[in-house]
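Asker: coords please:
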Amino acid sequence: MVNGTATAAGSTPEPGLRERKKQRTRETIARAALELFDRDGFHETTIPAIAAAADVSPRTVSAYFPAKEDLVFPDQEDSFARLADRLRSRTTAETTADALRGWIRTELPRWAERDAEMRMQRRVVDSDDGLKAVEQRFRAFGEELIAASIAEDLGASPDDLEPRMAAAATFAIFGILGAEHDTKGQMSKAAVCEAPGEPVVLQLLDRALRFVDAGIRSLQGDAPGVD
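Answerer: Residues are numbered from 1 along each chain as shown. Now for the predicted structure:
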C-alpha cells in the first residue's frame, strides 16, 4: 500500500494527495502564464502578474518554475524523459521507430487534453526569437536521444552521419504532423483515442516512420561485413 492506496504488483503507484495537489498547482500556474504570454507578450508579462492570475505567491511561481522560459515549456522535460525510458526499454525485436510509435501512443491523450494550451504555446514561441532558441535546444536534445537509439539499431556511433540524418528526419515528422494538426483544426480526444481503427495521427505517423525505418534497415544492409 502506497500513500494509503493499494497497488497491484508491478503497477505504478497512484500519486498521493500531496503530489496531486502539487501537480494541480503546477498546471494552474503554467496555464495562467501561457494565457498572459499569449495576451500580453512574453517579456511584458511579470512573475507577480502570473502569481496573481494563478492565485499563488511569486515565490511559489519561482519554486515550480525557476526560469521564466520554463513556463512556456512546462511538460517538455517530462515528455523527453518518458521518451528516453521507452527507447531504453525497447525489446531486441523493436526498432527505434517501433519504440517511438509506442511513446507517441502514450503521449497523444496528454496532447489532446492540452490542445488549447499547446496552441497558445505555439503562438507564444513563434512570437519570440529567444523562445525559438529554447525550443531548438529541446529539439537538439530529442534528436540526440533518437540518434543514439538508431545508432544501436545500426551498430554505429551516435556521432556517425547516418544516425544523425535519420534522427533529423524523424523529428521533421513531428513538425509536419504539427502543421497538419494546425491546418485541420483542433485535435479532439475522439480523434486521437477512440477505437475501432487507428487514430488519424497514428496513421500518418506510421506512414512516415515506415519511411524512416526502411531507410534504417537499408543502412543496416549496407553495414560493413554484410553481403
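Asker: roughly how far does the most centrally placed residue in the chain sit from residue 166?
Answerer: The structure's the chain has its C-alpha centroid closest to residue 79; by CA atoms, centre = their mean the separation is 4.3 Å. Note on residue 79: its distance to residue 166, by CB to CB, to the nearest Å, is 21 Å. Just so you know, the C-beta spots here come from the backbone N, C-alpha and C atoms, and that holds for glycine as well.
Asker: quick check: mean pLDDT of stretch 146-164?
Answerer: Average pLDDT, stretch 146-164: 88.
Asker: same question, stretch 46-57
Answerer: 98.
Asker: buried residues, it. List them.
Answerer: Judged by neighbour count using 16 or more other CB atoms under 10 Å, the buried positions of stretch 46-57 are 47, 49-51, 53-54, 56.
Asker: swap in stretch 27-39?
Answerer: Here stretch 27-39 shows 27, 29-38 as buried, counting by 16+ other CB under 10 Å.
Asker: now do stretch 69-81
Answerer: Judged by neighbour count (16+ other CB under 10 Å), stretch 69-81 contains these buried residues: 70-76, 79.
Asker: okay, domains of the protein per the record?
Answerer: Domain assignment of the chain by automatic domain parsing yields the ranges 15-66, 75-221.
Asker: I'd say residue 80 and residue 142 touch.
Answerer: Yes: using CB atoms under 8 Å, residue 80 makes contact with residue 142 at a distance of 6.0 Å.
Asker: ok, longest helix in this structure?
Answerer: For the chain, the helix that runs over the most residues, judged by DSSP state H, is helix 129-154.
Asker: gap between that helix and the chain center?
Answerer: Helix 129-154 sits 11 Å away from the centroid of its parent chain (CA atoms, centre = their mean, to the nearest Å).
Asker: other SSEs contacting it?
Answerer: helix 76-88, helix 96-113, helix 115-126, helix 161-184, helix 200-221 (3 or more CB pairs under 8 Å, 6 or more residues apart in numbering; DSSP states H and E).
Asker: now do stretch 35-46: everything it contacts.
Answerer: 33, 49-50, 53, 68, 71-72, 120, 123-124, 127-128, 131 (CB atoms under 8 Å, 6 or more residues apart in numbering).
Asker: export those to a markdown table and append columns for distance to residue 91.
Answerer: What follows is the contacts of stretch 35-46, written out as a markdown table (distance: CB to CB, whole Å):
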| residue | distance to residue 91 |
| --- | --- |
| 33 | 40 |
| 49 | 49 |
| 50 | 44 |
| 53 | 46 |
| 68 | 41 |
| 71 | 38 |
| 72 | 36 |
| 120 | 38 |
| 123 | 40 |
| 124 | 39 |
| 127 | 43 |
| 128 | 41 |
| 131 | 38 |
